[in-house]
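**Q** kindly generate the corresponding structure for this input.
(chains A and B)
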Amino acid sequence: MIKIDALAKSFAISRGQKLSDSEKQDVRYSKEAFHSVRNVSFDCGSGEVLGLLGPNGAGKTTTLRILSTALQPDSGSVLIEGVDVLKHPVQARKKIGFLSSSTGLYGRLTAYENIAYFGRLHGMSEAALKQRIDELFTLLNMHDFANRKADAMSTGMKQKTAIARAVVHSPKVVILDEPTTGLDIMTTQTVLDFIRSLKQQGTPVIFSTHHLDEVASLCDRVVVIDKGISAFSDNFDAFKALSADGDLRQSFMTVINATANNREHN
Amino acid sequence: MWQVYFKELTELVRDKKTMFFVILLPILVFPVLFGIMGLVVANVAKQAEAEEHRYVIINADKAPELAEALFYHKNFKKVESDLTDPDALKQAIRDDQFDLAILIDGDFSADAGNLSQSQWTVIYNMSSQLDMIDKYFNELLRDYSKKLQLAKLESLGVSAEKVDALLQPVKLEKVNTAESREDLGEKIGGLIAYILIPLCLAGCSYPAIDIGAGEKERGTLETLLICPISRTSIVLGKFLTVLTTGLATALITVTSFGGWGYVIGSLMGVDIVAKTMSTLGMADLLLILMMLIPLSAIFASLLLSLSIYARSFKEAQNYIGPLSMIVFMPLIVALMPGVELTWSMAMLPVANVALAIKELIKGTMEPGMLMAIFGSTVVIAAALLAFCVSWFQKEKVLFR
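**A** Residues are numbered from 1 along each chain as shown, chains lettered A, B, ... in the order given. A predicted model of the protein is given here:
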């Protein structure tokens, strides 16, 4: 379904930019560039939910941005349903739905208009668009504020609108970048329910998170990224088995410590 | 591309701030301000004209005719004073006892036989922009002198018919080849360019910030970038939006100024606007618009490039401030007195368009030069737009 192989991406460092002490210790900094993602590989099958874990600055967002075609990697490949995302980005974008916690809406457009704008950009016909939005409004219980401007919405309404916007074109894969960060409990629940409904429909979901309880309740597969490298990629049970008592926090630390030890040995 | 364009326009139209800058400001606020200013100036002038000046005249009996004319003039009021010394008179004027002192030479004689020049003195406060005392007194003195002149010439045996030949041996008749339009264009053409060009810039600025940096700040840019349309289409859609608002601002302003000017002009009996309107043909107006389109395109590309580079609204505003200054420089050069549209001036961006607008209003534009200016502006606009498009493809610009 989705296959990611040996992704790498570096960002040029502007001349004169001073590196902090912690940055100097990071193996990914060289004189000219910051190698944000060095070697990330994983795959995700139909109907699977993949949780992307990793410390802050590990390269999760960069990886997801490459997946969503917003950034171009230096090397590596991304295949979605057999389509090479890097060679045919416009074609691939039709298959991807993307959402992050910081995704905004156009404040002066209504919920309907926000969603319709992106539907049109995805080349949907007006009739199909209308039907699809109606479907989504029912699914997410949004009919009450369909014509309210985004500026006048509560956070929960905004997030529902953003979700509907991300899947208006019925994507084949949904990518979520920390979708629950900074949201209240109710809104978080909306997002988690949405991921569950996608799973039931057989749509694969890739999402990054810091919340291990979300991983426990939703994920079939777990990938841990540390210092730009996918240090762990297997199913959820294998991840859980990394710690003696099945504590996910412990499992996570095991992976991180293992990569740190490897570096020291090298 | 058109999807982006229409969506951006919808959003801008709903934004109260944009509407204020683009429509309300030029239609209502500016004309009202200018109108009030005009009324104040007109009032001050009227008041100055109607003011009564108190005067003292020394040795009035030597020139009774002048004294009488002064006495009956509606802007002069005679006051009595015992002072005769110039310094004392000066002090009295400073102390506001009266406004004007006229010292007639004590040896003066209005006799026709007297053929020596006489020196008189007037004392008053001359530090006024509108020196009405000078104007009124000189009128009276001119009439009085003329009478004396005639009397003296006659006493010398010069008959009335010969007086003209003697006083003004050559009479000149001036024929102006400049049409009244050319004259008017020279006076106000530059001013119109000076209003139009900054307005185009101002009209572009706010929307450019809103749909460039604003989109980054709101977090909608990333979503837009992963839609299955090319980044070129996104830029062009945004570019057209900015161009539209820039031109719309200029057009709305000119129309409203024209309209208000006509209303105020006809109310106050000043027909300069009506005159300008009637001399400018439709073709000239279209040509002016044609010159403004590529110029606005230059502004739109520059502003959009800056705005998309900025991380936030605030940062974008910081970049755009200095840009306005840079645009004003050539504009000022173009409006300096004596600067003419030459081939070398035609190569200076912004200034050339300002001068071309002036020439178009004067009706003296050379078609060849107009095409050259239009062409060079289009080339610059295209180059900047190409830069803006390639700028928009760069990751380091979009994800700073």
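**Q** tell me which parts of chain A are close to chain B?
**A** Residues of chain A found near chain B (CB under 8 Å from any CB of the partner chain) are A:11-12, A:65, A:68-72, A:90-91, A:93-94, A:96, A:98, A:100, A:102-109, A:113, A:117-118, A:120-123, A:149, A:165-166. Glycine gets a C-beta too; all of them are placed from N, C-alpha and C.
**Q** only alpha carbons, please: show the helix or strand A:Y112 falls within as CSV.
**A** In this structure, A:Y112 sits in helix A:111-121 according to DSSP states H and E. Extracted C-alpha coordinates of helix A:111-121, given in CSV (Å, rounded to 0.1, in the frame of the first residue of the first chain):
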residue,chain,number,x,y,z
ALA,A,111,-16.8,25.7,6.9
TYR,A,112,-18.5,24.8,3.6
GLU,A,113,-16.4,27.2,1.6
ASN,A,114,-13.1,26.1,3.2
ILE,A,115,-13.9,22.5,2.3
ALA,A,116,-15.2,23.2,-1.1
TYR,A,117,-12.1,25.3,-2.1
PHE,A,118,-9.8,22.3,-1.5
GLY,A,119,-12.3,19.9,-3.2
ARG,A,120,-12.3,22.1,-6.3
LEU,A,121,-8.5,22.3,-6.2
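**Q** quick one: average pLDDT of it?
**A** Taken as a whole, helix A:111-121 has an average pLDDT of 92.
**Q** and that helix, which residues are buried?
**A** Neighbour counts using 16 or more other CB atoms under 10 Å in any protein chain shown place A:A111, A:Y112, A:E113, A:N114, A:I115, A:A116, A:Y117, A:F118, A:G119, A:R120, A:L121 of helix A:111-121 among the buried residues.
**Q** how much space between the fifth one and A:K172?
**A** Separation of A:I115 from A:K172 (CB to CB, to the nearest Å) stands at 19 Å.
**Q** any idea which of the buried residues of helix A:111-121 is closest to B:Q97?
**A** A:E113 (76.8 Å; CB to CB).
**Q** that closest one contacts B:Q3, doesn't it?
**A** No. Counting by CB atoms under 8 Å, A:E113 stays clear of B:Q3, with 11.9 Å between them.
**Q** now the angle from the longest helix anywhere in chain B to helix A:111-121?
**A** Counting residues, the longest helix found in chain B (DSSP state H) is helix B:231-268. Interaxial angle of helix B:231-268 relative to helix A:111-121 (axes from the mean of the first three to the mean of the last three CA atoms, to 10 degrees): 130 degrees.
**Q** how about helix B:231-268, does it reach chain A?
**A** No. Helix B:231-268 stays clear of chain A (CB under 8 Å from any CB), getting no nearer than 9.0 Å.
**Q** which parts of chain B are strands?
**A** Applying DSSP state E to chain B gives strands spanning B:53-58, B:76-78, B:100-103, B:121-124.
**Q** indicate which one of those strands is closest to chain A.
**A** Relative to chain A, the nearest member of these by CB to the nearest CB is strand B:53-58, separated by 62.5 Å.
**Q** can you pull the contacts of A:M253?
**A** Residues near A:M253 by CB atoms under 8 Å, 6 or more residues apart in numbering or on different chains: none.
**Q** walk me through the domains of chain B.
**A** When chain B is parsed with automatic domain parsing, its domains come out as B:2-32+B:180-398, B:52-167.
**Q** want to throw those domains into CSV with mean pLDDT, mean neighbour count and distance to A:Q200?
**A** As requested, the domains of chain B are exported to CSV (pLDDT from 0 to 100; neighbours: other CB atoms under 10 Å in any protein chain shown; distance: least, CB to CB, whole Å):
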stretch, mean pLDDT, mean neighbour count, distance to A:Q200
domain B:2-32+B:180-398, 84, 18, 25
domain B:52-167, 87, 14, 85
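**Q** mind checking how far stretch B:53-72 is from the chain centre?
**A** 42 Å (CA atoms, centre = their mean, to the nearest Å).
**Q** what lies in contact with it?
**A** B:75-81, B:83-84, B:89, B:92, B:97-106, B:108-110, B:124, B:132-133, B:136, B:140-141, B:143-144, B:147.
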